[in-house]
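Peer 1: Sharing a sequence plus its predicted fold:
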Amino acid sequence: MTSENQQTDDLTPDELPHHQSLLEGTAWASLGTARGNGGFLSAALPRLLDADPTIQIRAISELEPVCHQNSFYEATLPVALYVAAILAHPATAAVGAGRRADSERDGPVRAALLDWLGSLAYDAYNECLAAAERHFDGDDLDDYPEVRVFLDHRPTFYRAVSAFLGHEDTAVREAAVVAAIPLIEHPALIGHRDELGRRIHRLLATSTNRYNRKRCLDALKNWGYDIAALESPADVAARVRYVRDVWTGGCTEEPPF
């Protein structure tokens, strides 16, 4: 991997520049993505604030080369900072088609942006990184500065995301809770875990969104909570179905239970 661009080297975690400063002050063409340089980003990023929510949602899909196959690139951090910087922009309140296949209804573009940022954060989640280090005999992350610098900026992203933890729109609120889970693993944010845990409990008491429920249940389990009383019949059925599918899908070993 190549070294981080100087423009992101100088950023201090917790500092979130104005989105226009990020757009104009970043040499996008000098940053690597999964499909060459990031020159296309200077045009794609402003479309996230287009007056047409259809164009906004389509612009989110244009960001795929900066997180292709759950990987991080030179352009990943600057793009993520831009997304975080526009979360409160009025244009992101526009309602567009759900980004995920399991979306229950159309929702604010803001929710889709939180989904995107949360998905990226999960790729740098402690549990995922531990699995990667085991897979690569502990050498992978030492040569992966793009992930390391993203991890350092988790407080920055958490500050932007946490502003929406109590949002009046259900889709935005749930997307913020789910996005906050991997970010709060930063040592400086551990003190916020109890409050986030309470919000997770409230989400589980009302939400039927399978993706959001699974993320929340997994987080509580990882934090040492007994989740049995929080699982709905649908949660249990999905978990049983997942285990069954995994162990009937060509696995040659017995299940570890």
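Peer 2: Now that the structure is in, tell me what you want to look at. Residues are numbered from 1 along each chain as shown.

Peer 1: Could you use CA atoms for every contact and neighbour count after this?
Peer 2: OK.

Peer 1: going on from the lowest-mean-pLDDT helix or strand in the chain, what's the next piece of helix or strand?
Peer 2: Across the helices and strands of the chain, mean confidence by mean pLDDT, DSSP states H and E is lowest for helix 6-9: a mean of 46. The helix or strand immediately downstream of helix 6-9 is helix 19-25, counting by DSSP states H and E.

Peer 1: ranges for the helices of this protein?
Peer 2: Along the chain, the segments classed as helices by DSSP state H run 6-9, 19-25, 41-44, 53-61, 76-86, 109-123, 126-135, 145-152, 154-162, 170-183, 193-206, 210-222, 233-247.

Peer 1: In TSV, list those along with mean neighbour count and distance to Ala94.
Peer 2: Shown next, in TSV, are the helices of the chain (neighbours: other Cα atoms under 10 Å; distance: least, Cα to Cα, whole Å):
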stretch	mean neighbour count	distance to Ala94
helix 6-9	12	30
helix 19-25	14	18
helix 41-44	17	18
helix 53-61	19	6
helix 76-86	22	13
helix 109-123	23	6
helix 126-135	14	33
helix 145-152	18	28
helix 154-162	22	18
helix 170-183	25	12
helix 193-206	15	23
helix 210-222	17	22
helix 233-247	12	31
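
Peer 1: Reformat those as JSON lines; add distance to Cys67.
Peer 2: Shown next, in JSON lines, are the helices of the chain (distance: least, Cα to Cα, whole Å):
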{"stretch": "helix 6-9", "distance to Cys67": "17"}
{"stretch": "helix 19-25", "distance to Cys67": "18"}
{"stretch": "helix 41-44", "distance to Cys67": "13"}
{"stretch": "helix 53-61", "distance to Cys67": "11"}
{"stretch": "helix 76-86", "distance to Cys67": "7"}
{"stretch": "helix 109-123", "distance to Cys67": "7"}
{"stretch": "helix 126-135", "distance to Cys67": "15"}
{"stretch": "helix 145-152", "distance to Cys67": "11"}
{"stretch": "helix 154-162", "distance to Cys67": "16"}
{"stretch": "helix 170-183", "distance to Cys67": "16"}
{"stretch": "helix 193-206", "distance to Cys67": "26"}
{"stretch": "helix 210-222", "distance to Cys67": "20"}
{"stretch": "helix 233-247", "distance to Cys67": "25"}
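
Peer 1: which stretch in those helices has the least confidence?
Peer 2: Of all the helices of the chain, mean pLDDT reaches its minimum on helix 6-9 (a mean of 46).
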